[in-house]
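A.B. asks: Need coordinates for the below:
(4 chains)
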There are 4 protein chains.
Amino acid sequence: MTVPAQCPEFAEIARRVNNWGRWGADDEVGTLNLVTDEVVRQAAAGVRSGRRVPLALPLQQDGVQTGMIPGRVNPLHTMVAVNLEMFGPGTVATSDDVVTMGLQAATHWDGLGHVSHGGRIYNDRPAGSITAHGGAAFGGIEKTRPLVSRGVLLDVARARGERQLAGDHAVGPEDLEQAEEFAGTRVQAGDIVLVRTGQLRHFLAGDKHAYAHPSPGLSIRAPEWFHARDVAAVANDTLTFEIVPPQIENLWLPVHALHLVEMGMLQGQNWNLEELSEVCAEEARYSFLLSAPPEPFTGGTGAPVAPVAVL
Amino acid sequence: MTVPAQCPEFAEIARRVNNWGRWGADDEVGTLNLVTDEVVRQAAAGVRSGRRVPLALPLQQDGVQTGMIPGRVNPLHTMVAVNLEMFGPGTVATSDDVVTMGLQAATHWDGLGHVSHGGRIYNDRPAGSITAHGGAAFGGIEKTRPLVSRGVLLDVARARGERQLAGDHAVGPEDLEQAEEFAGTRVQAGDIVLVRTGQLRHFLAGDKHAYAHPSPGLSIRAPEWFHARDVAAVANDTLTFEIVPPQIENLWLPVHALHLVEMGMLQGQNWNLEELSEVCAEEARYSFLLSAPPEPFTGGTGAPVAPVAVL
Amino acid sequence: MTVPAQCPEFAEIARRVNNWGRWGADDEVGTLNLVTDEVVRQAAAGVRSGRRVPLALPLQQDGVQTGMIPGRVNPLHTMVAVNLEMFGPGTVATSDDVVTMGLQAATHWDGLGHVSHGGRIYNDRPAGSITAHGGAAFGGIEKTRPLVSRGVLLDVARARGERQLAGDHAVGPEDLEQAEEFAGTRVQAGDIVLVRTGQLRHFLAGDKHAYAHPSPGLSIRAPEWFHARDVAAVANDTLTFEIVPPQIENLWLPVHALHLVEMGMLQGQNWNLEELSEVCAEEARYSFLLSAPPEPFTGGTGAPVAPVAVL
Amino acid sequence: MTVPAQCPEFAEIARRVNNWGRWGADDEVGTLNLVTDEVVRQAAAGVRSGRRVPLALPLQQDGVQTGMIPGRVNPLHTMVAVNLEMFGPGTVATSDDVVTMGLQAATHWDGLGHVSHGGRIYNDRPAGSITAHGGAAFGGIEKTRPLVSRGVLLDVARARGERQLAGDHAVGPEDLEQAEEFAGTRVQAGDIVLVRTGQLRHFLAGDKHAYAHPSPGLSIRAPEWFHARDVAAVANDTLTFEIVPPQIENLWLPVHALHLVEMGMLQGQNWNLEELSEVCAEEARYSFLLSAPPEPFTGGTGAPVAPVAVL
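C.D. replies: Model prediction:
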């Protein structure tokens, strides 16, 4: 069993969570439609302390990628000028940098073009609309309106009293509900949900390979829960987002297929939720204003993001 | 006259706006210290409609750079995988992208290491702390705490009843005050000020060269005004930020030197303020919550940013 | 008329020059099969003076590309280390560079995967064998055995007593024969033919746009001449190789299609033949040992080359 | 002991092999001056079979670099177009590639600017002539005239009856002479010497880490031998060129310093000498015409090369 369409469990869930046509045949942003002005207004009104917590990993060559995913290279940051006195000796000197990096190499959003199955992407568009010249003609990451909404941290690890989840822990609806109860707030339409597994602690401790696999991650049963709550986007603190190796033998990336293709919902990976976990625990508050606009690469099937939670 | 230190006007202003030591000898973020939790709390409380306006240009090869600044290359976005069925025929297929770009090529923040003069950068550190391997060891863009604060649009062009300022218009304190009055709000400590000249309309109309020069921009007299108001950061809608060619013959980039080196204040370039100008005029409100965290490149002397104004 | 298959003249020539199957159904190098050990042995035996002439343009950001061909970027050369004392103060210091560049940006060979028409590449393979992940699975530039053979300069411009050909000059069989007679040597099986138009003088004089177009180049009637002589490869001193704009209205790149797809013959562009022209005239000898191995990029549809003529 | 100048053995050898001023104060190519037309003429005359042997590793992401040397990234080859019908449906379609790579990442030449010691590079020039913007202003790799000469394979491993040298084998004059005797030809002025250790077999067998270290390589005593013979350049089949870890404790890269700085002699690394070893043994001939022109990156402190031996 490796082909999604031939896996009854996958096919059944796909049918239930499918959003194709829900916001019109031309819609390219999917569940981001759920982030209304009113949702954002209330998220801003919910800010209490003004404290800001950054959720991005630093962008550097010593990043989370290990070479396992060909082409997804860690940021290579080089200087094209170092204190260059362009206008003559003693004038104002400039330093300038360039970078080469995988758009999905570090803290990022997967865009709606990032995966396809059965030859289709979100909203029943052909996978062939993604090309080597230009990337995603439909659903490119630059199409997303700026991603600001209410964020809710579902700290699954902390709710279970664990530093980090076990490598074979598939986060399912019961985990999400336990964490929601622990958070003391109900996940609502338009929310961006951050699911903390604690897995990133491996990377922060210097072990990239332990971070990569085995890894806890979202279960194939999680998308229905997000669908039921009408969340706008989901991010977590793992490399692959899903449990690795997969729950259903040889069925790789089913959650990607459900979120991106069926639901039209962005998902985020490699988010650093460690400081946020501490701050939320300290303030006993797990919701906040979340600003997480992807860098608008034209045709991007994903993009780096430097998210900020404002409490 | 090309050397800042030998230009009396520059030297005098530098003396007055200098912030070295103000936040301690080890401080690496300068005026961002002015963004307190309370400033952010109030900025969030000021949100009325929940409307979000993006301020970044799309990242694409057809960008604002013309080759005039060597090495500052427009984003080259390429695919490393297009609907690749990594796990076998019929499995979930992935698309993946990489990019090569100048960190200061599009909508960006200049970091504190971006310029030096007289061999020094902010807080009296040696310019030599910036190297080809690693970039800025002091004041790197990754050191900035997430940049969220109150934003104020000083729409100089609209306040003057112009579509865009003339190419030789140096925006000085009197322009800023006129725009502030037009905005109906007073610029306060910790604010991020966005100065609109309308110059970006050239680029949006397809003329990169007209956008580049001649260009209106900030006058050498502007930094004192920002210093007096204790603003946290300033961005505008031009390629060079300052007036091009310079006001004082052959004195290039004096505002860069004052903001980055003397004051320790980030500055932003190539921000798209056109939609924001329309929305502010429509809502008759020129202040908002501004989220603009730079991508945290380790050692970066600048970084792309995808700013969002939340009204 | 833009589709090759529907242009009778193209179709007729294609039929006549087609080499599919000539060296077996699995052959991936085409006319390079014509370069036998004996050809190379004789080429070496023909060396007289030992003089070496380089034919590559320097690789630098100020190169021949103007942005007209999206993605074909001039070399961006940056340093990752400058006199870095990796092992401690006073130890041996190292400097190290990286580059980002289009493989076809400067002096290069087009590989057999560089163009397709009618969905096919050389030897009747599907164009779909070229993918975003991996490039050319068939006929990649790394498959070529090291490209050394006898080179013959057909100095069309000099043979006609012109400094450089006019912008609308399509180099056809009569030009090649005139230049061959001028050269005083007969083009033989396995030779690499260098066709000089003098067009590169525009670039060397600083005018990239004049270099790009209009441009003289090979006529659609040239491939039959190369086929009749069984040459191994052809290179010239223009950006596009062919005449620009095309001879047959709207039929773009017919010579590419004939050489690469039908004949399976590598072709080279942006070769600097100016010094060679002088040296050959001086030595009154237009044949030489030519060493021009492409950089072996796995899956490359082209590659930079630093060719050398040894006289 | 880590500083070359304070190591008596190093200082003594440096004094003896130093070529500063030998070819004039402005010379930028060092021992390449030894490659005269006559040397090349004789090398061509020595060709017997016309057989060509390539010596470059394929350029691909799965290359020899392991991340140990920061910034020296394996080639990242991506497509900017795949069968793109630029001129309309059915027209000739093009595929185009770009690459990002360390210039010294694969089979390459170290240029004269690659290392400095005591603040100097070759010909007593200041190390400071190498900068982040532009690289090597003096001795850049683009300055080398096309590198063609007689090549001699000193197959140290085969001469000793070993498949590959032990990891702690420092190749010294006695090894070189044994291999020279085995080769049956005397190394002469202007020759390019290829020293085979067999170490690359680790890489070819899939073990990059075993290839990297420990590694046999040239002894600090080898440069004097090359100097005595007036060789033009030396290359071998290891990652670091020298023995790793170093012979003299903590004295890193002494051979680099002697060859590049003192002698002004290019050196090559990661050359694949396996096929050449077989062919030379088969033909019982260890000299050949060697064509190995570096890609002429302006200011490059090294460059990729696709060398070819013609026997």
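A.B. asks: and stretch A:25-41, which residues are buried?
C.D. replies: Neighbour-count burial for stretch A:25-41 flags A:27, A:28, A:29, A:30, A:31, A:32, A:33, A:34, A:35, A:39, A:40, A:41 (criterion: 16 or more other Cβ atoms under 10 Å in any protein chain shown). In short, each C-beta sits where N, CA and C put it, glycine included.
A.B. asks: Show me the residues you listed that map onto helices.
C.D. replies: Mapping the buried residues of stretch A:25-41 onto helices (DSSP state H) picks out A:39, A:40, A:41.
A.B. asks: burial of residue A:285, as a residue count?
C.D. replies: Look at residue A:285: counted by other Cβ atoms under 10 Å in any protein chain shown, it has 17 neighbours.
A.B. asks: what about the strands in the stretch 201-311 of chain A?
C.D. replies: Here the stretch 201-311 of chain A has its strands, by DSSP state E, counting those that start in this stretch, at A:217-218, A:233-236, A:267-269, A:287-291, A:302-304, A:308-310.
A.B. asks: possible to save those strands as CSV with distance to chain D and mean neighbour count?
C.D. replies: Shown next, in CSV, are those (distance: least, Cβ to the nearest Cβ, whole Å; neighbours: other Cβ atoms under 10 Å in any protein chain shown):
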stretch, distance to chain D, mean neighbour count
strand A:217-218, 26, 28
strand A:233-236, 26, 28
strand A:267-269, 21, 24
strand A:287-291, 31, 28
strand A:302-304, 15, 29
strand A:308-310, 29, 26
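A.B. asks: List the contacts of the residue of chain A positioned farthest from its centre.
C.D. replies: Within chain A, residue A:89 marks the point farthest from the mean C-alpha position, 47.3 Å out by Cα atoms, centre = their mean. With contact taken as Cβ atoms under 8 Å, 6 or more residues apart in numbering or on different chains, residue A:89 is in contact with residue B:3.
A.B. asks: How about residue A:129?
C.D. replies: Taking Cβ under 8 Å, 6+ apart, we find residue A:129 in contact with A:113, A:121, A:136, A:137, A:138.
A.B. asks: Hmm, residue A:217 and residue A:167 touching each other?
C.D. replies: No - in this structure, residue A:167 is not within contact of residue A:217 by Cβ atoms under 8 Å, at 9.7 Å.
A.B. asks: Hmm, residue A:99 is touching residue A:76, no?
C.D. replies: Yes - contact criterion Cβ under 8 Å: residue A:99 and residue A:76 qualify, at 6.6 Å.
A.B. asks: Near chain D, which residues of chain A? Just list them.
C.D. replies: With the criterion set to Cβ under 8 Å from any Cβ of the partner chain, chain A comes near chain D through A:61, A:67, A:70-71, A:73, A:76, A:78-82, A:84, A:95, A:100, A:131-133.
A.B. asks: Strands - which of the residues you listed land there?
C.D. replies: A:76, A:78, A:79, A:80, A:81, A:82, A:84, A:95, A:100, A:131 (DSSP state E).
A.B. asks: Reformat those residues as CSV; add neighbour count.
C.D. replies: Shown next, in CSV, are those (neighbours: other Cβ atoms under 10 Å in any protein chain shown):
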residue, neighbour count
A:76, 23
A:78, 27
A:79, 30
A:80, 27
A:81, 25
A:82, 26
A:84, 21
A:95, 29
A:100, 24
A:131, 20
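A.B. asks: State the distance from the closest residue to chain C within the stretch 101-250 of chain A to residue D:46.
C.D. replies: Nearest residue of the stretch 101-250 of chain A to chain C, counting by Cβ to the nearest Cβ: residue A:132, 4.1 Å away. Applying Cβ to Cβ, to the nearest Å, the value for residue A:132 to residue D:46 is 46 Å.
A.B. asks: Compare neighbour counts for those two and give me the winner.
C.D. replies: The residue with more neighbours, out of residue A:132 and residue D:46, is residue A:132; 27 against 16, by other Cβ under 10 Å.
A.B. asks: Contact partners for that one?
C.D. replies: Neighbour list for residue A:132: B:78, B:79, B:82, C:131, C:132, D:79, D:80, D:81, D:82, D:84, D:95 [criterion: Cβ under 8 Å, 6+ apart].
A.B. asks: Quick check on it: phi, psi?
C.D. replies: Backbone torsions for residue A:132, taken as degrees, to the nearest 10, come to phi -70, psi -20.
A.B. asks: before we move on, back to that, among the contacts of residue A:129, which one is most surrounded by other residues?
C.D. replies: Counting neighbours by other Cβ under 10 Å, residue A:113 comes out on top of the contacts of residue A:129 with 32 neighbours.
A.B. asks: Not counting sequence-adjacent ones, nearest residue to the residue nearest the centre of chain A?
C.D. replies: Nearest to the mean C-alpha position of chain A, counting by Cα atoms, centre = their mean, stands residue A:268 at 0.4 Å. With sequence-adjacent residues excluded and distances taken as Cβ to Cβ, 6 or more residues apart in numbering or on different chains, residue A:268 is closest to residue A:235, at 2.8 Å.
A.B. asks: what about stretch A:295-307, start to end distance?
C.D. replies: With Cα to Cα, to the nearest Å as the measure, stretch A:295-307 spans 11 Å from end to end.
A.B. asks: Buried residues, that stretch. List them.
C.D. replies: Burial within stretch A:295-307, assessed by neighbour count using 16+ other Cβ under 10 Å, is assigned to A:295-307.
A.B. asks: circling back to that earlier point, check the buried residues of stretch A:25-41 and tell me the two furthest apart.
C.D. replies: Between any two of the buried residues of stretch A:25-41, the greatest separation by Cβ to Cβ is 24.4 Å, found for A:28 and A:41.
A.B. asks: I'd say residue A:257 and residue A:5 touch.
C.D. replies: No - Residue A:257 is beyond contact range of residue A:5, at 9.8 Å (criterion: Cβ under 8 Å).
A.B. asks: Get me the contact residues on the stretch 201-311 of chain A for chain B.
C.D. replies: By Cβ under 8 Å from any Cβ, the residues of the stretch 201-311 of chain A that approach chain B are A:250, A:252-254, A:256-257, A:289, A:291, A:293-302, A:304-308, A:310.
A.B. asks: now do 10 Å
C.D. replies: Within the stretch 201-311 of chain A, the positions near chain B by Cβ under 10 Å from any Cβ of the partner chain are A:246, A:250-258, A:260-261, A:288-311.
A.B. asks: Which of the residues you listed fall within helices?
C.D. replies: Counting by DSSP H, those place A:254, A:255, A:256 in helices.
A.B. asks: so can I have a markdown table of those showing neighbour count and pLDDT?
C.D. replies: A markdown table is the format used below for these (neighbours: other Cβ atoms under 10 Å in any protein chain shown; pLDDT from 0 to 100):
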| residue | neighbour count | pLDDT |
| --- | --- | --- |
| A:254 | 24 | 97 |
| A:255 | 28 | 98 |
| A:256 | 22 | 98 |
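A.B. asks: Chain C: which of those residues is nearest?
C.D. replies: residue A:256 (17.2 Å).
A.B. asks: For chain D, what's the nearest residue on the stretch 201-311 of chain A?
C.D. replies: Taking Cβ to the nearest Cβ as the measure, the stretch 201-311 of chain A has residue A:208 as its residue closest to chain D, at 10.6 Å.
A.B. asks: again, but for the stretch 101-250 of chain A
C.D. replies: residue A:132 (3.7 Å).
A.B. asks: Distance across stretch A:279-293, terminal residue to terminal residue?
C.D. replies: Termini of stretch A:279-293 sit 22 Å apart (Cα to Cα).
A.B. asks: any idea of the mean pLDDT for that stretch?
C.D. replies: Stretch A:279-293 comes out with an average pLDDT of 98.
A.B. asks: With stretch A:83-95 instead?
C.D. replies: For stretch A:83-95, the mean pLDDT works out to 94.
A.B. asks: End to end on that stretch, go ahead and measure it.
C.D. replies: Chord length of stretch A:83-95, first to last residue, is 5 Å (Cα to Cα).
A.B. asks: how close does residue A:191 sit to residue B:47?
C.D. replies: Remark: distance between residue A:191 and residue B:47 (Cβ to Cβ) = 17 Å.
A.B. asks: More neighbours: which of the two?
C.D. replies: Just comparing residue A:191 and residue B:47: by other Cβ under 10 Å the higher neighbour count belongs to residue A:191, 26 against 23.
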